[in-house]
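A.B. asks: Provided below for reference: sequence and predicted model.
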Amino acid sequence: MRIPPHLRLIVIKYVYRYPDDSYHQVMNRYNAHPAAANYQIRSNGTIHKIVTKLETTFTLLDAAPKNRFKPAKGDEMSASVIAAAKLNPNTTSRKLALDSGVSQTSIVKILQHNNFHPYKLQILHLLNEDDPDRRIDFCEWARHMCHGNADWSRCVIFGDECTVHLNGEVNRQNYRCEETITSNCI
């Protein structure tokens, strides 16, 4: 439980009124104070933190949170978010929030309200006439390599950045778009 600023002031008064006392003695004096009945201090470290805060920041008040975004209000902000999403549909809601100074939750709500839906882009590769022959050649080559060296399959590196399916579909990982309609071909 955080100690309110007016009670932190009592701690500081005891620290400077009794400079020869240890933090443990200051803690006992503070805990005996009637105003501190609901905010008891249980460690010397709390006293140390209060004193350090005063000596470094010259205040006992808590600092306002930094970089807190405000919720988006008004049609003007919505219009600027939509314009930014249309300008670069591959940008993320997090990037839009940083650029516009609006919370990410508000960005997502604005995009959803205006029928922008995130989807995963899948690039399809058209099969050529000689692709089945190439696949058969590759399979025969791989089988030949396995017969010559039993540990050959352990030397092959499989990456997860792109997956090519047998039907020719190419699935690229970590590629997202925001669009009002899902395009079927690019």
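C.D. replies: Okay, I see it.

A.B. asks: Quick one, grab the pLDDT at residue 20.
C.D. replies: We have a pLDDT of 93 for residue 20.

A.B. asks: can you tell me how far it sits from residue 11?
C.D. replies: 16 Å (C-beta to C-beta, to the nearest Å). Where C-beta positions appear, they are placed from N, C-alpha and C, glycine not excepted.

A.B. asks: And residue 79, by the same measure?
C.D. replies: Residue 79 is 51 Å from residue 11, by C-beta to C-beta.

A.B. asks: which one of those two has more residues nearby?
C.D. replies: More crowded of residue 79 and residue 11, by other C-beta atoms under 10 Å: residue 11, with 25 against 12.

A.B. asks: Correct me if wrong: the more buried one contacts residue 48.
C.D. replies: No: applying C-beta atoms under 8 Å, one finds residue 11 not in contact with residue 48, separated by 10.3 Å.

A.B. asks: All the strands of the protein, residue numbers only.
C.D. replies: 117-124, 162-164, 169-179 (DSSP state E).

A.B. asks: List the residues that contact the residue nearest to the spatial centre of the chain.
C.D. replies: Nearest residue to the geometric centre of the chain (C-alpha atoms, centre = their mean): residue 94, 8.0 Å. The contact partners of residue 94, by C-beta atoms under 8 Å, 6 or more residues apart in numbering, come to residue 104.

A.B. asks: What does the pLDDT read for residue 101?
C.D. replies: Residue 101 is given a pLDDT of 84.

A.B. asks: what's around it, how many residues?
C.D. replies: Neighbour tally, residue 101, other C-beta under 10 Å: 11.

A.B. asks: Since that was my last question, I'll sign off now.
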